[in-house]
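In: Show me the folded form of this:
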Amino acid sequence: GRETEVVQALAAPVRERARLRQGVVRLERAEGLQRALYEITDMASSGLDMPAMLSGLHRIVGRLMYAENFFLALYDADLDAIRFIYFADVPADEWQDPDAVDPMSEIEGSLTWHLIRHARPLMGPTSRLYEQVSGPLAIIGPGAADWLGVPIVIDGHVRGALVVQSYDRGDLYTPVERDLLTYVGTHIVTAIDRKRAFDRLEQQTHELERQIDVRRQVEQRLQHEVMHDPLTGLPNRAYLREHLARAMAAQARDPSQCFAVLFLDLDRFKVINDSAGHVVGDELLKVVARRFSDCLRTPDIVARLGGDEFAIVMHGITGSDAPARLARRLIDAMHEPVRVQDKELFSGVSIGIALGSPSYTAPEQLLRDADIAMYRVKERARGGCEVSSGLSISSS
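Out: Sure thing, here's the model as predicted:
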């Protein structure tokens with residue numbers, strides 16, 4: 001009796017140390033599992049694409065157990081089919097893309113198929129597992145010394161299977177690892193579902209952004225078409241009116257923001273258009289539009305009002321001298337003939353000028369006075385310019 005008491009007394013510390021070691025192992029395993037689950041959850045919302053995410057999931061499982069040979073299959077209940085979305089196998093000579101394989105023809109009757117069909121884990125050497133399964137059996141690939149496969153069941157529905165295996169080590173996997181793989185598998189499929197939902201949302205967002213961009217481009221094009229002359233590409237009367245309204249508002253806030261309106265009408269255009277034809281007349285207008293544009297500086301604009309009438313808004317002036325000098329440049333620009341379809345066309349331009357003033361309350365008033373000044377030039381002698389205040393510039 002005394003010897004038994006001594007043996008028990010000596011064994012007690014050993015048992016206590018063993019119990020503590022087991023507790024440490026369980027704690028480390030629990031901490032490792034918790035880290036793994038956090039990482040799996042984070043991957044679902046990461047910027048990784050699906051192949052990179054699946055590879056990362058493989059690495060996480062590999063930290064929890066031996067998983068060099070690892071594959072993940074998803075089950076489609078509507079099609080009654082399984083698709084391998086990830087496959088890593090050390091002895092395999094090559095891996096065929098699962099998307100290129102008929103899912104039914106490759107796995108009907110396999111161990112993976114059986115564990116999904118019966119929703120029960122399978123664990124052990126494949127030689128023994130082949131003897132345990134009932135029904136059609138398909139032996140795919142080399143047998144494993146130890147094989148662990150678990151069905152992934154979420155909300156009572158089998159969603160797929162997670163498998164690890166070893167070809168040269170027997171009795172590798174334990175019931176603890178079986179339960180661990182089952183637990184991790186549900187989180188992996190949940191993460192995949194979230195990743196797919198995130199990718200779909202991102203794709204829908206990109207598509208919506210693309211549609212918005214297309215719509216914006218269409219609106220911009222329509223806006224441009226509404227506000228620009230289709231023949232010359234210049235701003236049209238509507239654009240000019242808005243531009244003048246902004247210039248008048250700026251001058252009302254700051255009287256130093258002076259501007260002028262030049263009203264231009266081509267000389268002899270009707271004769272050219274009637275004799276040479278509308279096609280030639282249109283080409284003449286295009287060339288004239290370019291010549292007028294070349295005479296301007298930023299932020300001045302030239303607009304086509306219709307027919308052979310154009311208007312220019314000149315900013316930053318201090319009187320009638322600057323508009324008069326611009327008018328001279330415009331008149332000189334028309335001295336060179338315009339060649340269209342082997343024809344040399346000669347035209348000039350008559351210009352009327354109205355200086356911006358707080359006395360004007362609408363853009364139409366400025367255009368009216370500039371137009372009246374231009375017609376006085378037409379009546380007197382073409383190819384000249386007149387300011388609505390009475391200042392006159394001859395064509396010579």
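
In: which SS state does residue 317 fall under?
Out: What DSSP: H, G, I helix; E, B strand; the rest coil gives for residue 317 is coil.

In: and the closest residue to it other than its chain neighbours, how far is that from residue 326?
Out: Leaving aside its sequence neighbours, residue 317 sits nearest to residue 258 (C-beta to C-beta, 6 or more residues apart in numbering; 5.0 Å). Bear in mind the C-beta positions are built from the backbone N, C-alpha and C, glycine included. Noted for residue 258: a distance of 14 Å to residue 326, by C-beta to C-beta, to the nearest Å.

In: can you pull out the strands in the stretch 51-200 of the chain?
Out: Assigned by DSSP state E, counting those that start in this stretch, the strands in the stretch 51-200 of the chain fall at 69-76, 81-88, 122-124, 146-154, 157-166.

In: Tabulate those (TSV), appending distance to residue 238, mean pLDDT and mean neighbour count.
Out: Listed next are the strands of the stretch 51-200 of the chain as TSV, based on distance: least, C-beta to C-beta, whole Å; pLDDT from 0 to 100; neighbours: other C-beta atoms under 10 Å:
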stretch	distance to residue 238	mean pLDDT	mean neighbour count
strand 69-76	59	91	21
strand 81-88	58	88	19
strand 122-124	77	91	19
strand 146-154	62	93	22
strand 157-166	62	92	22
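
In: out of those, nearest to residue 359?
Out: Residue 359 lies closest, by C-beta to C-beta, to one member of those: strand 81-88, at 77.7 Å.

In: Just the CA atoms of the closest one, as CSV, please.
Out: Only the C-alpha atoms of strand 81-88 are listed here, as CSV (Å, rounded to 0.1, in the frame of the first residue of the first chain):
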residue,chain,number,x,y,z
ALA,A,81,-23.6,18.7,-60.4
ILE,A,82,-20.3,19.3,-58.7
ARG,A,83,-17.6,21.7,-59.9
PHE,A,84,-14.1,21.7,-58.6
ILE,A,85,-13.2,25.4,-58.2
TYR,A,86,-9.8,24.8,-56.7
PHE,A,87,-7.4,21.8,-56.9
ALA,A,88,-3.9,21.3,-55.7
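
In: Which elements pack onto that strand?
Out: In terms of contacts (3 or more C-beta pairs under 8 Å, 6 or more residues apart in numbering; DSSP states H and E), strand 81-88 is packed against helix 50-64, strand 69-76, helix 103-107, helix 111-118.

In: what is the orientation angle of it with strand 69-76?
Out: Relative orientation of strand 81-88 versus strand 69-76 (axes from the mean of the first three to the mean of the last three C-alpha atoms, to 10 degrees): 160 degrees.

In: Pairing partners for strand 81-88, with directions?
Out: strand 69-76 (antiparallel) (DSSP bridges).

In: Give me the residue ranges of the stretch 1-150 of the chain where confidence is low.
Out: In the predicted model, the stretch 1-150 of the chain carries pLDDT under 70 at residues 1-30, 90-109, 134-142.

In: of all the helices and strands packed on strand 81-88, which lies closest to residue 339?
Out: Nearest to residue 339 among the helices and strands packed on strand 81-88 is helix 50-64; the distance by C-beta to C-beta comes to 63.2 Å.

In: and the closest one, what does it pack onto?
Out: helix 2-44, strand 69-76, strand 81-88, helix 175-227.

In: Can you tell me which of the ones you listed is packed in deepest?
Out: strand 69-76 (a mean of 21; mean count of other C-beta atoms under 10 Å).

In: List the contacts of the spatially most central residue of the chain.
Out: Nearest residue to the geometric centre of the chain (C-alpha atoms, centre = their mean): residue 206, 4.8 Å. Contact analysis of residue 206 by C-beta atoms under 8 Å, 6 or more residues apart in numbering lists nothing.

In: about what we covered before: tell me, how many residues neighbour the residue nearest to residue 317?
Out: 19 (other C-beta atoms under 10 Å).

In: need the helices and strands packed on helix 50-64 in a markdown table with distance to residue 305, can you?
Out: Below are the helices and strands packed on helix 50-64 laid out as a markdown table (distance: least, C-beta to C-beta, whole Å):
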| stretch | distance to residue 305 |
| --- | --- |
| helix 2-44 | 62 |
| strand 69-76 | 67 |
| strand 81-88 | 66 |
| helix 175-227 | 13 |
